[in-house]
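> Need the 3D shape of this:
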Amino acid sequence: MAETLQDFELARTERLWDATSLWCANRPDGGIYLFGYHAEMSLKLAYFRFLGESLAYPIDSAVLRTAVAAVGLLGVRTPNDGFHSLRFWRDAIIAQRSARGRALQSPLDLEFHAHVEALAARWDVAMRYRSPTATSADVEAAASAAEWIDRNCNLLWT
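Below you'll find the model as predicted:
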């Protein structure tokens, strides 16, 4: 059974708490990993909610492939990295909003770019296979970016 947007909403909150707990336990790489997953779910939630989907909307690989194709038609060429790329979902949101005449206004647009870049520079799905390398500055930057995404998630789709 496919997850729904409601599942994403609930899980993203849990991953934010889990990430914060790992950060506080001096486990920066684990914290960054979960901050990244929090952001990924938040951006997917914002994308589909912007398109008008309800919280009951199921998300599966076919839906994600359709989203990639749809934003490709809008000119987005950002790699989706198995549907995990934070940059891809940021660019997908921006493209859909622009196509519908509801582009994000500055400074929200600039902040959105900056926070996704800050987290994407430190997180990727494959980091689960690597030895810990994160610094305190890395986890602080990731936490700040994830917190901004969390706080502004509704603004990204309304």
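> Helices along the chain, start to end?
Using DSSP state H, the helices of the chain run over 5-24, 28-50, 61-73, 86-99, 108-120, 136-157.
> now for those helices, which one comes closest to P79?
helix 86-99 (6.5 Å; CB to CB). Backbone N, C-alpha and C define where each C-beta goes, glycine included.
> Closest to the centroid, which residue in the protein?
In the chain, the C-alpha nearest the mean C-alpha coordinate belongs to E40, at 2.7 Å (CA atoms, centre = their mean).
> circling back: kindly reformat the helices of the chain as CSV containing mean pLDDT and distance to Y129.
Converted to CSV, the helices of the chain look like this (pLDDT from 0 to 100; distance: least, CB to CB, whole Å):
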stretch, mean pLDDT, distance to Y129
helix 5-24, 96, 17
helix 28-50, 97, 11
helix 61-73, 98, 22
helix 86-99, 98, 18
helix 108-120, 98, 18
helix 136-157, 97, 17
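> Packed most tightly, which of the ones you listed would that be?
helix 28-50 (a mean of 24; mean count of other CB atoms under 10 Å).
> what's the angle from that helix to helix 86-99?
20 degrees (axes from the mean of the first three to the mean of the last three CA atoms, to 10 degrees).
> Please find the angle between the direction vectors of helix 28-50 and helix 108-120.
140 degrees.
> i'd like the first residue to be 474 from this point on
Done: numbering now begins at 474, and the last item shifts to helix 501-523.
> coming back round to it: pretty sure the residue nearest to the centre of the chain is touching R560, no?
No - contact criterion CB atoms under 8 Å: E513 and R560 do not qualify, at 10.9 Å.
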